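K.L.:
whatever this is, show me its structure:
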Amino acid sequence: MTLCLLYRMTSYKKSREEFSRDVYEAFQAIGVTSDMIHRRRHDRLLEETVITTRNKLLGYAQSNFIVGSQVEGSTTRGMRSDTDFTWRYDNYQVVLKLGAWQTGKINLLAFKDETTPPQFYKLCRLQSTPDGRQEYRRDLIDETDVVDEQGRVLVCNTVFDNIIKCFHEEVGKGEVVKHGPSRSWTDEFDIVDALPCHDLPEECESLFTRSRPGHWPKSETLEYARQCPVFFIPQGHPHSPLNERKLQWRLSTSLTERKLMFDFTEEQMLVFILLKMLKKEYCKLKFGDNFSTFHIKTAMMFCIESHPPDIWRIDNIVECAPYCINILIQWAQDNVCPHFTMGGVNLFDGKLSEPDIRELETFLINLNKNITEYICKLKIDSFGVKVLQKVHDKESIIEHQTEILKLITWMVRGIQCDTVQHIYSQLREMDVNNAVCCVSDHLTYLRGLQSLGSDLQREAANLLLPFLYGTLASIMASCITTQQPVTQDIIDLYQPSFECDLMSGKLKYASMLYCRSQYDQAADMLNHCEGLLGPDVAHFCRCYGRHYHYQPDTFLRKTLNTSTVELMKTSSTSCVIFCKHELPCVPEHLQNEMYRTQTQKEKKERNRLHTWMDLVLIDCEPFLYYLQYLVYREKSNLPRKQSAMSRLVYYFDHGLGKELCDIARGHRDTMLHMLAHCLELEDRPDVAWQLYQRSINIYPTNNMAWVHLIRLFRKYFLCKTSTEKQ
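P.N.:
Sure, this is the predicted structure:
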């Protein structure tokens with residue numbers, strides 16, 4: 001009642017232009033600004049590029065694309081949009097005619113018959129004959145394959161279901177949920193498998209050949225869009241018989257659509273987001289996902305194409321929304337919603353029944369008549385209240401923006417850490433010589449991207465190169481006996497690794513110096529690292545089961561004016577990682593962390609995301625204090641040793657001692673083991689025993705603390721009992 005009264009008291013006094021400005025200011029207040037839209041786009045595209053680069057390094061024939069609202073920037077915090085991934089299988093190639101064969105690929109032919117609706121195809125397997133001709137394959141390859149009446153082997157659209165099913169079972173997540181072609185077991189993302197199409201299908205030519213006013217899409221946008229790959233995704237038409245539906249593949253132009261979305265102006269994006277909010281709040285219960293964001297996106301594209309560019313202004317946002325709604329009303333009256341990038345497709349088909357379309361038409365007409373009232377009642381992001389407010393608190397605006405950037409930063413850091421861990425898992429199966437060759441090859445590939453790649457590929461390479469330099473340096477240093485000095489070329493390799501992030505590369509170098517008894521140099525590097533710590537440093541851990549990110553307010557303020565890549569290097573830390581080939585550069589007590597899985601029962605409790613358990617991983621800050629303790633103990637510097645010990649204890653007391661304390665990092669068990677070891681060296685095995693027990697209370701399995709307890713029992717308590725008996 002209060003909101004309605006406020007609306008009645010203010011709306012009649014305002015013109016549409018004034019109200020549009022209020023809507024614009026409300027968007028600014030919830031963090032939907034031009035800068036934030038572009039930041040979302042850049043960082044999600046960077047994330048996509050890092051994933052694809054990782055796949056190339058590891059030899060996976062898969063390219064990953066992020067599509068939809070997260071990469072478009074067409075979402076808000078309150079809309080809680082998931083991330084839509086398209087996984088393209090690059091070892092496949094779908095052709096539209098025989099002869100477009102590519103050696104080394106699984107070649108499929110896309111064709112239509114009397115049963116396939118518009119936008120849908122069937123795919124049959126091809127093979128090459130000894131004389132170089134292409135022909136239909138007649139033998140079954142996959143258990144889901146089907147032979148048609150002509151003897152051709154057709155690929156069922158469930159061919160990839162086992163991949164996602166096996167992954168889901170190994171990860172141990174909830175039930176796999178299917179939404180059309182997408183699969184997911186979490187609210188955070190949807191995954192769509194895709195096969196690349198070699199040529200542009202005929203129905204996609206309409207985007208480039210149909211008549212239009214000419215101002216949008218721009219000629220350069222169309223030229224770029226023509227180069228965008230198109231996909232076949234595993235989805236049949238909902239009205240087709242089941243036996244036909246499972247053989248149908250839907251044509252997708254998601255990357256073309258993404259490029260067109262990137263060409264929206266700020267004002268056009270705001271109109272689109274406003275319409276999405278109205279749809280989400282007022283249509284979700286009525287129509288579910290059958291009236292989708294894609295219908296609105298399509299209407300927006302036709303609206304921008306058909307209306308003059310000068311209408312898209314800040315003071316005309318509320319006037320532009322009805323232009324788009326009118327197009328939807330006309331489509332509802334005609335029972336046809338055309339596809340913007342494909343000809344001959346009705347987007348209502350298979351989605352909305354005749355009664356649904358009539359109900360949608362009625363709703364849209366009412367929305368058009370009362371759009372200001374509908375906007376003022378929007379609850380998403382408290383948008384309606386913010387529209388009616390005269391003044392927006394500056395701190396609240398900053399909070400909205402930093403919360404958005406907090407998630408974006410975590411996603412970029414997360415995929416960077418995931419990539420490094422994947423590479424380390426790859427090295428686990430190799431001997432040291434092959435590991436050196438593998439890392440060297442990765443470095444060569446990344447340096448190639450750094451010099452010749454796109455801007456995003458260069459950024460992706462810059463995120464990964466320092467970690468690999470440090471890995472190669474550490475492996476090579478491990479191959480040299482302790483009696484030999486570390487050569488200058490190895491030290492030169494360590495130098496670029498210091499750019500990993502604020503500390504992890506430097507700590508890796510300091511660990512090597514300690515293990516080679518170069519205590520003075522190690523102390524200097526550790527003191528330097530200690531000076532880098534401060535209240536504005538973010539800490540990240542991406543390890544499955546140890547996920548953690550602490551981004552203090554002072555760090556989040558930096559995100560407003562600093563690129564994510566720069567923040568990764570200068571103001572954040574991640575885990576320090578060692579593989580088996582680097583163990584001589586790891587303090588002896590921590591080498592045990594690589595063998596935390598001791599029994600078959602513990603092995604069964606792990607899944608494919610627990611590969612990090614076969615590595616040594618330590619959070620930066622406690623590792624810094626632990627190394628300082630060890631170094632100053634060797635240097636017989638009692639005050640500095642005690643100071644390092646005190647800092648480690650403080651970290652423990654103010655982190656693990658309070659479950660919700662922000663200081664607590666990801667690898668709490670390893671931190672406890674380091675502190676317990678220090679207490680052992682201080683001849684306090686009873687307290688060390690308690691800390692190992694504390695570690696087991698947190699993580700009862702796959703925990704090296706069990707081995708430490710057995711060792712302590714044998715070394716101290718068993719020996720003490722034997723001595724007393726004597």
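
K.L.:
drop to CA atoms for contacts and neighbour counts, all remaining ones
P.N.:
Will do.

K.L.:
by contact count, what packs against the longest helix along the chain?
P.N.:
What stands out as the longest helix in the chain, according to DSSP state H, is helix 394-428. Contacts defined by 3 or more Cα pairs under 8 Å, 6 or more residues apart in numbering; DSSP states H and E place helix 394-428 against helix 16-29, helix 34-58, helix 455-478, strand 538-541, helix 553-559, helix 564-570.

K.L.:
and Asp501, which of the three is it?
P.N.:
Three-state call for Asp501 (DSSP: H, G, I helix; E, B strand; the rest coil): coil.

K.L.:
before we move on, the earlier item: buried ones in the longest helix of the chain?
P.N.:
397-402, 404-406, 408-425, 427-428 (16 or more other Cα atoms under 10 Å).

K.L.:
angle of it against helix 34-58?
P.N.:
0 degrees (axes from the mean of the first three to the mean of the last three Cα atoms, to 10 degrees).

K.L.:
let me see the mean pLDDT of helix 394-428.
P.N.:
Mean pLDDT, helix 394-428: 91.

K.L.:
circling back: out of the helices and strands packed on helix 394-428, which one sits most buried?
P.N.:
Scoring the helices and strands packed on helix 394-428 by mean neighbour count under mean count of other Cα atoms under 10 Å gives strand 538-541 as the most buried, with a mean of 25.

K.L.:
quick one: distance of it to the chain centre.
P.N.:
16 Å (Cα atoms, centre = their mean, to the nearest Å).

K.L.:
equivalent analysis for stretch 114-122, please.
P.N.:
34 Å.

K.L.:
who's in contact with it?
P.N.:
Residues outside stretch 114-122 that contact it (Cα atoms under 8 Å, 6 or more residues apart in numbering): 110-112, 154-155, 203, 236-237, 240, 244, 247-251, 342, 344-345.

K.L.:
if we go to 10 Å?
P.N.:
With contact meaning Cα atoms under 10 Å, 6 or more residues apart in numbering, stretch 114-122 is reached by 108-113, 154-157, 201, 203-204, 232-237, 239-241, 244-252, 339, 342-346, 349.

K.L.:
for PyMOL, what selects the buried ones among those residues?
P.N.:
Restricted to buried positions by 16+ other Cα under 10 Å, the PyMOL selection for the contacts of stretch 114-122 reads:
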select buried, resi 108+109+110+154+155+156+157+201+204+232+233+234+235+236+237+245+246+247+248+249+250+251+252+339+342+343+345+346+349
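
K.L.:
so where's the stretch 551-700 of the chain shaky on pLDDT?
P.N.:
Within the stretch 551-700 of the chain, the ranges that satisfy pLDDT under 70 run 655-665.

K.L.:
quick one, strands of it?
P.N.:
572-573, 576-578, 616-618 (DSSP state E, counting those that start in this stretch).

K.L.:
just put the ones you listed in a markdown table and tack on distance to Tyr699 and mean neighbour count.
P.N.:
Output for the strands of the stretch 551-700 of the chain, formatted as a markdown table (distance: least, Cα to Cα, whole Å; neighbours: other Cα atoms under 10 Å):
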| stretch | distance to Tyr699 | mean neighbour count |
| --- | --- | --- |
| strand 572-573 | 23 | 24 |
| strand 576-578 | 20 | 22 |
| strand 616-618 | 15 | 24 |
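
K.L.:
which of the ones you listed sits closest to Gln333?
P.N.:
The closest of the strands of the stretch 551-700 of the chain to Gln333 is strand 572-573. By Cα to Cα, the value is 55.4 Å.

K.L.:
quick one: closest of the strands of the stretch 551-700 of the chain to Gly104.
P.N.:
Closest among the strands of the stretch 551-700 of the chain, using Cα to Cα: strand 576-578, at 36.0 Å.

K.L.:
among the contacts of stretch 114-122, which ones are in helices?
P.N.:
Judged by DSSP H, helices contain the following of these: 244-245.

K.L.:
now, which of the contacts of stretch 114-122 lie within strands?
P.N.:
108-111, 154, 232-233, 248-252 (DSSP state E).

K.L.:
assess the claim that Pro700 and Trp706 are in contact.
P.N.:
Yes - using Cα atoms under 10 Å, Pro700 is in contact with Trp706, at 8.8 Å.
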